[in-house]
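K.L.:
Would you be able to build a 3D model of this:
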Amino acid sequence: MLTYSERELATISALAAMAGVEPMLQSHINMGLNVGITETQLQELVRIIAESISREQGNIANNVLNKVLENRK
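P.N.:
Predicted coordinates:
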């Protein structure tokens, strides 16, 4: 059975790899941070998306992550 943070990390990973789902990605990044996923883990996930899926999806995910982090300050 997955923990809440593991489940959110899997969801964020899937959403970050898809085009056109930025609002859902933003929501799940927030939820992930709420259940213990760290900023560093999310930055690493964005790097992996950029390398494994596409630079464009990595950039989109990075922009969404930065927006979420800025809004949480």
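K.L.:
Around the closest residue to Glu22 other than its chain neighbours, count how many other residues there are.
P.N.:
Leaving aside its sequence neighbours, Glu22 sits nearest to Val64 (CB to CB, 6 or more residues apart in numbering; 5.5 Å). Bear in mind the C-beta positions are built from the backbone N, C-alpha and C, glycine included. Using other CB atoms under 10 Å, the number of residues around Val64 comes to 24.
K.L.:
how far away is Val64 from Leu2?
P.N.:
Noted for Val64: a distance of 23 Å to Leu2, by CB to CB, to the nearest Å.
K.L.:
And Ala16, by the same measure?
P.N.:
18 Å.
K.L.:
neighbour count winner among the two?
P.N.:
Between Ala16 and Leu2, counted using other CB under 10 Å, Ala16 has the larger neighbour count: 26 against 9.
K.L.:
For the nearest residue to that one once chain neighbours are set aside, list the residues it contacts.
P.N.:
For Ala16, ignoring the flanking residues on the chain, the nearest one in space by CB to CB, 6+ apart is Ala61 at 4.0 Å. When contacts are counted by CB atoms under 8 Å, 6 or more residues apart in numbering, Ala61 is found next to Ala16, Leu25, Leu45, Val46, Ile49, Ala50.
K.L.:
try 7 Å
P.N.:
Residues in contact with Ala61 (CB atoms under 7 Å, 6 or more residues apart in numbering) are Ala16, Leu25, Val46, Ile49.
K.L.:
so the third one touches Asn62, yeah?
P.N.:
Yes. Taking CB atoms under 7 Å as the contact criterion, Val46 and Asn62 are neighbours in contact, 4.8 Å apart.
K.L.:
Those two: who's more crowded?
P.N.:
Using other CB under 10 Å, the more surrounded residue of Val46 and Asn62 is Val46, with 23 against 18.
K.L.:
In contact with the more buried one: list those residues for me.
P.N.:
Applying CB under 7 Å, 6+ apart, the residues near Val46 are Ala16, Gly58, Ala61, Asn62, Leu65.
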